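Enquirer: could you look at this predicted model? Sequence included:
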Amino acid sequence: MENSPISYFTPKCVTNSFGMLPSGKEVFSYTLSNGRGLEATFINYGATITSLKVGHEDQAVDVVLGFDSIENYIQSFGLPSAPYFGSIIGRYAGRISRAEAELNGVVYKFNANNNGNTLHGGLKGFGRAYWTMKRIQGGERPSIVFTYTSPDGEEHFPGNLTVEVTYTLTPDNELLVHYTAVTDKTTVLNLTQHSYFNLDGHSQSLERQTVQVNSGKILQVTQEGIPTGRYDDVANTPLDLTQPVVCPKVIDNSFVLPQDYNREAARLYSPKTGIEMTVFTNQPSVHIYVGGNCFGQLQGKEGADYDRYSGICFEAQNYPDAPNRPEFPSAVLHPGQTYEQKTKFLFKLTN
């Protein structure tokens with residue numbers, strides 16, 4: 001095993017303080033390396049990915065947007081459009097119309113934070129939660145496990161919900177994200193990882209990168225982003241990403257996928273760095289969103305000025321508003337069941 005920074009856990013795992021929350025709780029950062037060109041750093045605020053470096057030594061490229069301080073992560077939720085950089089989204093990724101859903105004959109009114117709808121979990125969401133680092137380990141597949149228990153009634157969602165998210169780096173330069181959750185009361189759940197990727201480096205523009213999504217259909221939505229229950233074909237439209245195209249400057253759409261973890265869902269490529277990222281998931285959709293704008297109010301890592309064309313998200317998840325659409329894949333989790341979600345980001349150097 002090659003030399004690595006000293007850690008009080010195991011080789012290939014480094015732990016540092018990342019600052020204090022206003023509540024007095026300390027936030028920690030954890031860095032994993034597979035020793036083969038992939039290094040990831042996480043914090044237990046939002047179970048957030050703060051850095052993801054691809055390549056070796058001085059040629060490594062940090063391919064995700066983020067901040068250098070916990071203060072900026074906290075303040076980012078007060079921006080005109082919160083970016084949710086690198087965080088886990090829950091209880092429900094995407095929008096729930098009218099901020100309500102019926103479960104077992106009871107209509108639950110959730111916290112509304114987006115034009116009368118619930119977006120990404122509500123007023124707080126899991127991206128601002130203080131997660132517990134449950135386990136970290138090195139070896140050939142270094143990994144870290146974060147856990148969070150969302151109490152019954154949080155954001156007015158029913159059930160005590162316990163979530164575990166495991167991040168693993170493989171020898172093949174894959175970042176695996178594995179989610180599980182259990183509840184003691186029937187609830188709705190839709191988790192995703194909200195990293196903004198830029199394969200030229202986090203401080204660059206997307207303008208030279210290409211994206212491809214293996215889907216011919218998107219969810220049709222209203223002007224507020226609420227699904228109508230219908231699907232639109234992407235053929236002969238600007239949203240036809242079935243072949244590699246330059247990253248769109250504006251996109252905020254859910255692409256329909258087969259629930260097949262072994263099938264490629266999407267791909268991002270940089271001809272400048274030669275980095276290629278392929279996304280796999282067992283979820284029925286990947287929501288593609290381009291953004292990252294900090295509106296000149298906050299600086300990103302290393303003094304970066306992020307704008308609306310700084311990063312692209314691949315939010316592997318269930319459909320938005322599925323709790324109100326019985327024709328959509330079910331987002332209901334019952335006691336005795338285990339929610340399980342898998343997403344994989346595979347990195348290759350083509351140069």
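Expert: Everything's here; your move. Quick caveat: nothing in here was measured; it's all calculated off a predicted structure.
Enquirer: check contacts around the residue nearest in space to the middle of the chain.
Expert: Residue closest to the mean C-alpha point of the chain, counted by C-alpha atoms, centre = their mean, is Q193 at 1.6 Å. When contacts are counted by C-beta atoms under 8 Å, 6 or more residues apart in numbering, Q193 touches I49, G86, S87, I88, I89, V177, E315, A316, T343. From N, CA and C alone the C-beta is placed, and that goes for glycine too.
Enquirer: got JSON lines for those residues, with neighbour count and distance to V64 too?
Expert: Below are the contacts of Q193 laid out as JSON lines (neighbours: other C-beta atoms under 10 Å; distance: C-beta to C-beta, whole Å):
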{"residue": "I49", "neighbour count": "25", "distance to V64": "6"}
{"residue": "G86", "neighbour count": "27", "distance to V64": "6"}
{"residue": "S87", "neighbour count": "30", "distance to V64": "11"}
{"residue": "I88", "neighbour count": "26", "distance to V64": "14"}
{"residue": "I89", "neighbour count": "22", "distance to V64": "15"}
{"residue": "V177", "neighbour count": "22", "distance to V64": "13"}
{"residue": "E315", "neighbour count": "24", "distance to V64": "14"}
{"residue": "A316", "neighbour count": "27", "distance to V64": "15"}
{"residue": "T343", "neighbour count": "24", "distance to V64": "14"}
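Enquirer: in strands, which of these fall?
Expert: Judged by DSSP state E, those include I49, I88, I89, V177, E315, A316, T343 as members of strands.
Enquirer: hmm, E264 is touching N214, no?
Expert: Yes: contact between E264 and N214 holds when scored by C-beta atoms under 8 Å: they sit 5.7 Å apart.
Enquirer: give me the secondary structure label for the closest residue to T187 other than its chain neighbours.
Expert: Nearest non-adjacent residue to T187, counting by C-beta to C-beta, 6 or more residues apart in numbering: G159, 4.0 Å away. When classified by DSSP: H, G, I helix; E, B strand; the rest coil, G159 comes out as coil.
Enquirer: ditto for Q75
Expert: With three-state DSSP as the basis, Q75 sits in helix.
Enquirer: can you count the residues close to it?
Expert: For Q75, the count of nearby residues is 14 (other C-beta atoms under 10 Å).
Enquirer: I'd say it and L298 touch.
Expert: Yes: Q75 is within contact range of L298, at 6.0 Å (criterion: C-beta under 8 Å).
Enquirer: quick check: phi and psi at A40.
Expert: According to degrees, to the nearest 10, the main-chain angles of A40 amount to phi -130, psi 140.
Enquirer: what's the burial count for it?
Expert: A40, neighbours per other C-beta under 10 Å, totals 23.
Enquirer: re the thing from before, how close does the residue nearest to the centre of the chain sit to L175?
Expert: Note on Q193: its distance to L175, by C-beta to C-beta, to the nearest Å, is 9 Å.
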